[in-house]
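Undergrad: based on what follows, work out the 3D shape:
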Amino acid sequence: MNADLLNLVRNIEARKPLAAGHPASAFGTSLAERHRELYRNRNEKLGIDFAVEVLDFPGTQTFDARVVRIAAGRNNELHKHAHESLFYVISGKAEVRIAEEALTLEPGGLAFVPRWAFHQSKNLSDQDELVILAITDFGLTKAVLGDYDKRTRLAENGVDVMEHT
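TA: All right, here's what the predicted structure looks like:
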């Protein structure tokens with residue numbers, strides 16, 4: 001068992017809170033405001049224009065919450081990854097492709113993306129930004145596999161990105 005995974009298991013077994021000493025305000029946020037940008041990707045040829053912001057809550061190990069902002073009429077790349085994802089549409093109208101099927105979601109709509117399923121989110125509006133809350137178990141999969149996302153999805157021509165027009 002690698003050191004990150006062993007540390008995660010030890011913290012669970014210890015039954016102690018990992019966020020001791022933080023004020024209650026550190027555990028709440030507004031999804032209407034901007035958060036720390038994790039990365040941004042633009043590719044005119046593929047219609048890609050989106051940003052991912054991370055919600056930094058103290059003590060998180062397995063849980064990962066992000067805000068995905070997709071520009072009007074644009075999408076993110078068709079990709080897959082080891083972590084499971086739950087997408088909640090905050091504002092806008094989305095088409096969420098999961099494997100060979102697609103769902104249309106409006107505010108309040110929810111989609112689950114299983115591990116390793118190719119998926120993509122498209123903004124169906126030509127005027128308004130699409131805002132999605134993405135909740136994943138990235139911390140767990142990173143503890144198991146290492147920082148796999150940097151080697152695949154985020155790398156140019158990464159092995160887990162599918163280019164299509």
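
Undergrad: any stretches of this protein with poor pLDDT?
TA: 149-165 (pLDDT under 70).

Undergrad: where exactly do the strands run in it?
TA: 36-43, 48-54, 64-70, 78-79, 85-91, 94-98, 101-105, 110-113, 119-123, 130-136, 161-162 (DSSP state E).

Undergrad: of those strands, give the one that comes closest to residue 2.
TA: Minimum separation from residue 2 across those (Cβ to Cβ) falls at strand 64-70, 18.4 Å. For the C-beta atoms, the positions are set from N, CA and C on the backbone; glycine is no exception.

Undergrad: ok, that closest one: who's next to it in the sheet?
TA: As defined by DSSP bridges, the strand partners of strand 64-70 come to strand 48-54 (antiparallel), strand 130-136 (antiparallel).

Undergrad: what residue is smack in the middle of the protein?
TA: residue 134 (4.6 Å; Cα atoms, centre = their mean).

Undergrad: could you pull up the residues touching the residue nearest to that residue when sequence neighbours are not counted?
TA: Leaving out its chain neighbours, the residue that sits closest to residue 134 by Cβ to Cβ, 6 or more residues apart in numbering is residue 66, at 4.7 Å. Going by Cβ atoms under 8 Å, 6 or more residues apart in numbering, residue 66 touches 38, 52-55, 133-136.

Undergrad: bridging across strands, which residues link to residue 66?
TA: residue 54, residue 134.

Undergrad: distance of it from residue 11?
TA: 22 Å (Cβ to Cβ, to the nearest Å).

Undergrad: same question, residue 44
TA: Counting by Cβ to Cβ, the gap from residue 44 to residue 11 is 44 Å.

Undergrad: so those two - more neighbours on which side?
TA: A count of neighbours by other Cβ atoms under 10 Å puts residue 11 above the other of residue 44 and residue 11, at 15 against 8.

Undergrad: surely the more buried one meets residue 61?
TA: Yes. Between residue 11 and residue 61 there is a contact under Cβ atoms under 8 Å: 6.4 Å.

Undergrad: having no further points to raise, I will conclude here.
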